[in-house]
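K.L.:
Would you be able to build a 3D model of this:
(chains A and B)
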Amino acid sequence: MQVASSLSGVLKSQQVAVSLYKTAFRSATSATTASKTAPAAAPQRKEQEKSQPKSSPASSGDGKPKVAATPVAAKAVRDPKARMEKKAQDSKSFVANLFRGRAVTDQIFPFPSVLDDEQKDTLRSFVEPTNKFFEEVNDAAKNDETSKIPDHVTKGMAELGAFGLMVPQEYNGLGVNNTQYARLAEIVGGHDLAIGIFMGSHQSIGFKGIMLSGTDKQKEQYLPKLATGEHFAAFALTEPQSGSDAASIRSKAVLSPDGKHYILNGQKIWISNGGFADVFTVFAQTDVKDDDGNVKEKMTAFIVERKHGVKSGPPENKMGIKSSNTAELYFDDVKIPVENVLGGVGNGFKVAMNVLNNGRFGMAAAMAGTMRNVIKQSVAQANTRQQFGHLINNYGAIQEKLARMSMVHYVTESMAYHISGTMDDGGKDYQLEAAISKVYGSEAAWFTTDEAIQIFGGMGFMKATGLERVLRDLRIFRIFEGSNDVMRLFVALTGMQYAGGHLRELQKALKNPVGNLGLVVNEGLTRGFRKIGIRRGDPSFGDLVNPALKDSADLVSHSVGQFGETVEALLAKYRQGIVDEQFILKRVADAAIDIYAMTVSLSRATRSIKEAKNTAGYETKLVSTFCHEAAQRVSQNLGLTRSSRDVANFKAMSELAQEMCQQGGVVQEHPLGF
Amino acid sequence: MSLRVLVGVKRVVDYAVKVRVRPDHKWVVTDGVKHSMNPFDEIAVEEAVRLKEKKIVSEIVAVSCGPPQSQETLRTALAMGADKAIHVEVPAKDAELLSPIHVAGIIAKIAKDEKIDLVILGKQAIDDDSNQTGQMVAGLLNWPQATFASEIVQADGGLKVTREIDGGLEVIQVKLPAVITTDLRLNQPRYATLPNIMKAKKKPIDKKSPADLGVDTKPRLEVVSVDEPPVRQAGAKVANVEELVQKLKEAGRI
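P.N.:
Okay, here's the model as predicted:
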C-alpha cells in the first residue's frame, strides 16, 4: 500500500519536501525581491529592511537551516523581470487557496463519488477474498515474531493479485483506480502494516515511477512480471550522507565512452524490499549540460536490475514493521543500459516527487483501516469490561476516548477518499492535501492505537492483545515518506509560495510601482488588499453544506478568513525570513490541517445527509463536535503566530534548545546537587 | 471422463452475521445484511473445480435461483473456476418463499437441458437448513444420489463416494449421471483471487425465469411465524442448599 514508501522513505521524502521547501523559499523571496527592485519602492525599502530578520538565511550562524538562499535570491535580484513575468499559477486545491484566504470548493464539494456501478461491483467482489486472505492465511503476529513473511503468504498474495493492483490489465495487473486501491489498502492496513510496507514499497513507490514516467517499452519490459509478483521492486533514494536534502545524494552515474551504458557507483540505505527486489528505481547524480554549456550535476532516475550487479546488505533490525525487509544497497561499477533512464536525464527529482505525491493517499487509507480495526477492538473491550460495578463504556473517561478515536478516524477516511476521488476525477492539484493526509493519518492512527491500549489497561500492554505490535508498526509512519515535521513545513511554505505568487500578480495588476507589496503592507493591509482584490472577510460556503451543519460551516468560514489574514500578515512581516520561522510555520501548518480536516468532513457528512444514509445523524453530530474543537485550535494556533508574547516564547524555546545542545544534554543542576 | 457438471450456489445471509427476526415475523432481516455463498455450496464448487483440474470434468455450470443479487454469488462461483452460469431470477419477495421442491424442479430441468452428467449441491443451505434439494433433484431425475460426501473419486466408470454417516463412513459406488451433496469435510474451498474475479467478468451468465423452465414456483408452504429463541432468564446465586430449596419452592418448581 502506499503505506509504504520504504523506510528509505524516511529520508527520501524529507529530501523531496526540503527541496520543495527551497522552492517555496524562492518564491517567498521573490515576492519581496520584486518589491525591492521596483524603483518607486525606494521610500519603503528602509522600512522593509528594518522588519527583516536580523540575519539573512544564508548568513545566519545560528544553526537554523541554511537553504541555498543566496544564489537563488541573488539570481532573482539579477533578473527581476523574469521573476515578475512568471505567472502565478492558479490551483484548484482547497488547501493552497486557503493561504489566500479563499475557500475554493470545486475539488471538495460535493464529496467525490467516483466509482460507477461496475467499478463498485468489482471492488465489492475484491474486498471479500482480500479480507479472507488476511484473516485466514496471513498471521501478522507470527510475521512480527519471526521478522519474516512466509513464502506461502507471498505466494498467496501473488495469486490474489496483490502485487499489481493499479497496473493496467494489459500488463497483467488488475487496473484498479486510486479509490479502489484505497479501499484495498485499508484492508491491508487493518491487518498487517508490515505486509503493507512490503506491498507498497513494491508497487506504490518501487515501480510506480515506471508506471508514471516510463516509456511504453519500459512498461512492457518490466510491468508484467512485477504485477504478478514474479519480480519485486524497490525505490532507492536515501543515502547515508543524504537525509533531508535530496540534492546532496552522492551516487553517481557516468555515461560510458561508447554511450551505451551508465556506470553507477554509490550506496543506498534503508531500502524496503532492498534485500530481495529484482528491479530498483534508483536515483543518482548525472552530468547535465545547461543552456549556457556549463556542466552541472542533476539527479536522474534509473531502472536498475539486480542482475546488473546490485548488491544488498543484511536485513535491518527494526522497532516495528519487522517482517518487511529493509536493507542497504551497494552499486560498484553497475552497468545500466541507457534505455533504462527513467523520465529523462536530469529529471530525477521530478520523477521522485511525482511518485511520492501519487502514493500518499494510500497511506491515509491504510491508516484509516488500522484505526477501524483498532476501534472495533476498543469498543468490544469497553462493552465487556466491568469495573466499579459497571461496564466501562458507562464512564466519561472511556467515552471521550472512543468519541475522539471515531472523529480522527472519520477525518482520515474522508481525506483519503477525497484525495483518491480527486485524482480519479483527473484533478492535479492535490499535493498539499496529500501531504496533510499523510501527517494527519499517521498521527490519528498513533493516537487511536495509544488510546486503545489505554482502554485495555494492563491487557493492552500484553503482546497477546495485539495492540502493542500495531503501535510499534505505526511509529514509522510519522517518520518516513517525509517526516511529519518536514511535511508541515512543506505545507506551510508551499501554501505561502502560492499566496506570495498571487500577491505578485496583484501588484502587477495595479500597474503602479507604488503598489508593490511593501507599500501595500505599510499603507495599511486591509485597505490596500481590498483595493487590489484580495478577499477580506470570511468566505461563505453558501448552499454547499447541509443546513444541519451550518454552524460548523460558519466556523470553517471564519477560520478560512482568519487564516488568509494571518498568512498575509506573516508574509508582510517576515517576507523571505519566514522560511526560518519554524515555530510559526508549524502553527500555520496545524491550522491548515485543521481547516482542511473540518471542510472535508463537512463535505462528506453533507453527502451522507443528502443520500439519507442511516448514519447521517451520527455523522452530523461527529462532524459538529470535531469542528467545534478544531476551530478553537485554529484560532489558537493562528493567534500564537502573531502575538509578540508567544513569539517571544518561541524564541525562548529556541535559546533553551541551543543551550542544551551546547551543554550536551540536560542543563540545570541536579536537585540533589550531584 | 469428460463430465458436464452442474453446481448449485445459493446466496444466503453470511454465516458470521447475527440474524434478527423481521418485524412482521415472516422471515429474518436481510436488507443491508452481508450475504455470501452458502458454505456447503462453496465446497460443491471447489469439488467441481478440483474434478476439472483432474480432467474428470470438462465443463462446470453454476446455477443460482434468487433475486438479482444472486449474480454476485454466481460471479464468485465463476471466479473460483466455474465456466458459465445460469441465473434463474426470482424476485426477492418470492425468493424467500421458494422451497426445495421448486429449486429441485429448476435444477432438474436445467440438468436435462444442459446434458449434465453430474449435479453437485451443498447438503443444505445455512439459512433454512432444509437438506432436501439434492435428494429431490435425484428423485425428479430418477438418478442415483450420494449425499453428505466427504470424498469423491473416479472408479469403475462411475464415482466412488465416501459419505459421512452417524458413527462412521459409508462408501458407495454411483453410476452416472448422479447427484452428489457435499459435507463439510469434502475439501477446503479456495478463495476467489482478484485476477480470477476480473476474468470471471468475461464469463457468460444466462438469465432465465422459472416460467422459462416450465417450473411452477407457487408457494406450497405458508410461514406462520418466525421467532427468536426465548431469551434465557438471568440466574441467581444462592448461599446454601436450604436457600436453594426455599427459592425453588417459592418459584413453584418443587
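
K.L.:
center of chain A, which residue is that?
P.N.:
A:Ala435 (2.4 Å; CA atoms, centre = their mean).

K.L.:
Could you double-check that that one lies in contact with A:Val486?
P.N.:
No - using CB atoms under 8 Å, A:Ala435 is not in contact with A:Val486; the gap is 9.6 Å. In short, each C-beta sits where N, CA and C put it, glycine included.

K.L.:
check contacts around the residue nearest to the centre of chain A.
P.N.:
A:Ala17, A:Arg360, A:Gly482, A:Met487, A:Phe490, A:Val491 (CB atoms under 8 Å, 6 or more residues apart in numbering or on different chains).

K.L.:
Apart from its neighbours in sequence, what residue is nearest the last one?
P.N.:
Looking back up the chat, that one is A:Val491. Nearest residue to A:Val491 in three dimensions, chain neighbours excluded: A:Ala589, at 4.6 Å (CB to CB, 6 or more residues apart in numbering or on different chains).

K.L.:
list the helices and strands whichever strand or helix holds A:Ala194 packs on?
P.N.:
Using DSSP states H and E, A:Ala194 falls within helix A:193-199. Helix A:193-199 sits against helix A:140-146, helix A:151-160, helix A:178-191, helix A:348-384, helix A:467-475, with contacts defined as 3 or more CB pairs under 8 Å, 6 or more residues apart in numbering or on different chains; DSSP states H and E.

K.L.:
Pull the third one out as PDB, backbone CA atoms only.
P.N.:
Just to be clear, that refers to helix A:178-191. Listed next in PDB are the C-alpha coordinates belonging to helix A:178-191 (Å, rounded to 0.1, in the frame of the first residue of the first chain):
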ATOM      1  CA  ASN A 178      -7.000   5.200  -6.800                       C
ATOM      2  CA  THR A 179     -10.200   4.900  -5.000                       C
ATOM      3  CA  GLN A 180     -10.400   1.200  -5.400                       C
ATOM      4  CA  TYR A 181      -6.800   0.900  -4.400                       C
ATOM      5  CA  ALA A 182      -7.500   2.900  -1.300                       C
ATOM      6  CA  ARG A 183     -10.200   0.500  -0.200                       C
ATOM      7  CA  LEU A 184      -7.900  -2.400  -0.500                       C
ATOM      8  CA  ALA A 185      -5.100  -0.600   1.200                       C
ATOM      9  CA  GLU A 186      -7.500  -0.100   4.100                       C
ATOM     10  CA  ILE A 187      -7.800  -3.900   4.400                       C
ATOM     11  CA  VAL A 188      -4.100  -4.400   4.500                       C
ATOM     12  CA  GLY A 189      -3.600  -1.500   7.000                       C
ATOM     13  CA  GLY A 190      -6.300  -3.100   9.200                       C
ATOM     14  CA  HIS A 191      -4.400  -6.400   9.400                       C
END
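
K.L.:
now it and helix A:467-475, what's the angle there?
P.N.:
Calculated by axes from the mean of the first three to the mean of the last three CA atoms, to 10 degrees, helix A:178-191 forms an angle of 140 degrees with helix A:467-475.

K.L.:
Let me know whether helix A:178-191 sits next to chain B.
P.N.:
No - against chain B, helix A:178-191 shows no contacts by CB under 8 Å from any CB of the partner chain, the least distance being 8.5 Å.

K.L.:
what angle separates that helix from helix A:348-384?
P.N.:
50 degrees.

K.L.:
quick check: mean pLDDT across helix A:178-191?
P.N.:
The average pLDDT for helix A:178-191 rounds to 98.

K.L.:
Kindly report the same for the last one.
P.N.:
Across helix A:467-475, the average pLDDT comes to 98.

K.L.:
Can you classify A:Glu481 as helix, strand or coil?
P.N.:
coil (DSSP: H, G, I helix; E, B strand; the rest coil).

K.L.:
how close does it sit to chain B?
P.N.:
Per CB to the nearest CB, to the nearest Å, A:Glu481 is found 25 Å from chain B.

K.L.:
and the gap between the residue nearest to A:Val491 and A:Phe94?
P.N.:
15 Å (CB to CB, to the nearest Å).

K.L.:
Could you do A:Ala185 as well?
P.N.:
23 Å.

K.L.:
Next: B:Ile86.
P.N.:
The spacing between B:Ile86 and A:Phe94, counted by CB to CB, is 50 Å.

K.L.:
cool, and B:Asp14?
P.N.:
For B:Asp14, the distance to A:Phe94 equals 39 Å [CB to CB].

K.L.:
tell me the pLDDT at the residue of the stretch 301-450 of chain A found nearest chain B?
P.N.:
Distance from chain B to each residue of the stretch 301-450 of chain A (CB to the nearest CB) is smallest for A:Lys376, at 13.4 Å. Looking at A:Lys376, its pLDDT reads 97.

K.L.:
Please apply the same query to A:Leu672.
P.N.:
As predicted, A:Leu672 sits at a pLDDT of 97.

K.L.:
burial measure for it, as a count.
P.N.:
Neighbour count for A:Leu672, taken as other CB atoms under 10 Å in any protein chain shown: 5.
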